[in-house]
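Student: Sequence first, then the predicted structure, then my questions.
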Amino acid sequence: MGVGHTSDHPMRIVFVSPSYTPCVGGAERLLEAVSTKLATRGHNVTVMTFDCATQNDFKSHQGVGLPPREVIDGVQVVRVHPDRGRVGRLRWWLGHRGGLRMPGWMTDTDAAFSMSPPSGVGMVPAILRTRADLLCSVNWCFGVSYWAGAAAKLRRLPHVGIPILHIDRPWASRKLYSRMFGRCDAVIALTEAEREFVLSRGAKSVSVSGAGVEPDHFTTTANGTSVRERFRIGAHPVVGFLGRQDEGKGVHTLIRAMSRVWRNAPETFLLLAGQSAHRSQSVDFLLGSLPEVWRSQVVLIDDFPDRDRSAILNACDVVALPSVEEAFGLVFLEAWMCGKPVIGADIPATRCLISDGQDGWVVTPFDDEHLAAKLLDLLGNPSRRREFGDRGRQKVLARHTWDQVADVWERTCRQVLTIRREVL
């Protein structure tokens, strides 16, 4: 039993995030899973987010018409328009007592980040009105994270940062983040690599939670056969990818690698699963440029319900996510829970998760030749596929369940509140 289950004193926790369900993504699934766990444990949990169904909606002036308030699995969800009245809201903020001081040290680059859509300025009034014991700002890729921290400081609320940084990408080294870390009472990182990164930039009291799965939802017995039958794959080998389909996620590298794989294993299928709105035009172009014989062996599974993830992964022989845009790599856990071997790119987050040569392969980023070699290695070695998948599954069960992740988030929030009360 995790430590979080023993508490008799519920907390009022507000998570501020640019997106939440029904928007699909790793950060969204992480927040949804932990928020639901905390609500189940008796805490009053609110997620403040934007009226967006996909990341493409972040630049919308009107939102997409999702309910402004609703309860999802015990979590209170509050949505605001993603770009409503940024200039007017900023004027209101600057005229608010204490508001003028907050952006005074910002550079032009900082200001551009903080004001980029979805605009966090419009979130501030809602944060200032809400009843909370502490605030957690989630997913610092977007400027709303700055305004969440500023509002927490203005209200003197304890503040936990959950930045979900892709630490080897240029945006993760924004100088503004060092100042934002200084506002946080604690930080939750997803990997040891992210923990070291944020400590070097001024964060304090950093814990590592990782991400997780609900073991009952991902098993080696899920029906991948139905997926194979639906798309007429039969018993042919399948390389699978699940996630956002763009260059940063490694789909371009995977398609180029498959051109090499098909020359050696021509019956192999490539399965790309994800949200159609999150597939870039350049991916469509690459797929359209393939010879017809190869293009006929590409299966696109778009906009599927979450309950189908396990079946999709079970239809694969190898799951490849050669992404350089990862803070963790939740798909690796899901694939392992289905007993599948994985291949990831050699970046800090992935190195913290995949044990190269034990439960998967780690390949050079953007190197389609290296990726193709490791794909062919696994496609041609069923016993290695089973060994990698089995070892990965044992790792997930030991270290990466949602209950374990929720324990870290709950414990961190509790510690922050305790320290604040002792100081006061």
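Tutor: Received it, and whenever you're ready, just let me know what you need.

Student: which residues in the stretch 151-300 of the chain form strands?
Tutor: 159-162, 186-189, 206-208, 238-242, 269-274, 298-302 (DSSP state E, counting those that start in this stretch).

Student: so which of those strands gets nearest Arg256?
Tutor: strand 269-274 (11.4 Å; CB to CB). Just so you know, the C-beta spots here come from the backbone N, C-alpha and C atoms, and that holds for glycine as well.

Student: Can I get the closest one as PDB, trimmed to CA atoms?
Tutor: This file holds the C-alpha atoms of strand 269-274, laid out as PDB (Å, rounded to 0.1, in the frame of the first residue of the first chain):
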ATOM      1  CA  PHE A 269       3.800  -4.000 -42.100                       C
ATOM      2  CA  LEU A 270       4.200  -0.600 -40.600                       C
ATOM      3  CA  LEU A 271       1.400   0.400 -38.200                       C
ATOM      4  CA  LEU A 272       1.100   4.100 -37.300                       C
ATOM      5  CA  ALA A 273      -1.500   4.800 -34.600                       C
ATOM      6  CA  GLY A 274      -2.500   8.200 -33.300                       C
END
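
Student: Give me the contact list for it.
Tutor: 24, 231, 233, 236-245, 251, 254-255, 258, 279, 297-302, 304, 312, 315-316 (CB atoms under 8 Å, 6 or more residues apart in numbering).

Student: just stretch 345-364 next, same as before
Tutor: 166-168, 190-194, 197, 250, 321-324, 326-329, 332, 336, 341-344, 365-366, 370-371, 374, 377-378, 388-389, 391-392, 395.

Student: pLDDT of that stretch, averaged?
Tutor: Across stretch 345-364, pLDDT averages out at 98.

Student: mind exporting that stretch as CSV, just the C-alpha atoms?
Tutor: Taking Å, rounded to 0.1, in the frame of the first residue of the first chain, the C-alpha atoms of stretch 345-364 are listed here in CSV:
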residue,chain,number,x,y,z
ALA,A,345,16.2,7.1,-29.5
ASP,A,346,19.4,7.7,-27.5
ILE,A,347,18.2,10.7,-25.5
PRO,A,348,18.5,11.2,-21.7
ALA,A,349,14.8,10.4,-20.9
THR,A,350,14.9,7.2,-23.0
ARG,A,351,18.3,6.1,-21.5
CYS,A,352,16.7,6.4,-18.0
LEU,A,353,14.0,3.9,-19.1
ILE,A,354,15.3,1.4,-21.6
SER,A,355,18.1,-0.9,-20.6
ASP,A,356,19.8,-1.2,-24.0
GLY,A,357,20.2,-4.8,-25.0
GLN,A,358,18.1,-6.1,-22.1
ASP,A,359,14.5,-4.9,-22.7
GLY,A,360,14.9,-2.9,-25.9
TRP,A,361,17.3,-1.2,-28.2
VAL,A,362,18.5,2.5,-28.0
VAL,A,363,19.4,3.9,-31.4
THR,A,364,21.1,7.1,-32.6
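
Student: Can you find the helix or strand in the chain with the smallest mean pLDDT?
Tutor: When the helices and strands of the chain are scored by mean pLDDT, DSSP states H and E, helix 86-95 comes last with a mean of 48.

Student: if we can go back for a sec, can you tell which of the strands of the stretch 151-300 of the chain is closest to His400?
Tutor: Per CB to CB, nearest to His400 of those: strand 206-208, 11.6 Å.

Student: and the closest one, what other elements does it pack with?
Tutor: strand 186-189, helix 192-199, helix 402-423 (3 or more CB pairs under 8 Å, 6 or more residues apart in numbering; DSSP states H and E).

Student: so how many other residues sit close to His61?
Tutor: 10 (other CB atoms under 10 Å).

Student: Now it: closest residue in space, sequence neighbours ignored.
Tutor: With sequence-adjacent residues excluded and distances taken as CB to CB, 6 or more residues apart in numbering, His61 is closest to Asp83, at 5.2 Å.

Student: OK, contacts around that neighbour?
Tutor: 58-61, 117-119, 122.

Student: Kindly report the same for Lys204.
Tutor: For Lys204, the contact set (CB under 8 Å, 6+ apart) comprises 181, 184, 186-187.

Student: Pull up the gap between it and Asp185, please.
Tutor: 8 Å (CB to CB, to the nearest Å).

Student: Then Leu379?
Tutor: 49 Å.

Student: for the strands of the stretch 151-300 of the chain, which one sits closest to Phe218?
Tutor: Of those, nearest to Phe218 by CB to CB is strand 238-242, at 11.9 Å.

Student: Show me what the closest one is in contact with.
Tutor: Outside strand 238-242, the residues that reach it (CB under 8 Å, 6+ apart) are 228, 250-251, 254, 258, 261, 268-274, 309, 312-313, 315-321, 331, 334-335, 340, 375, 379.
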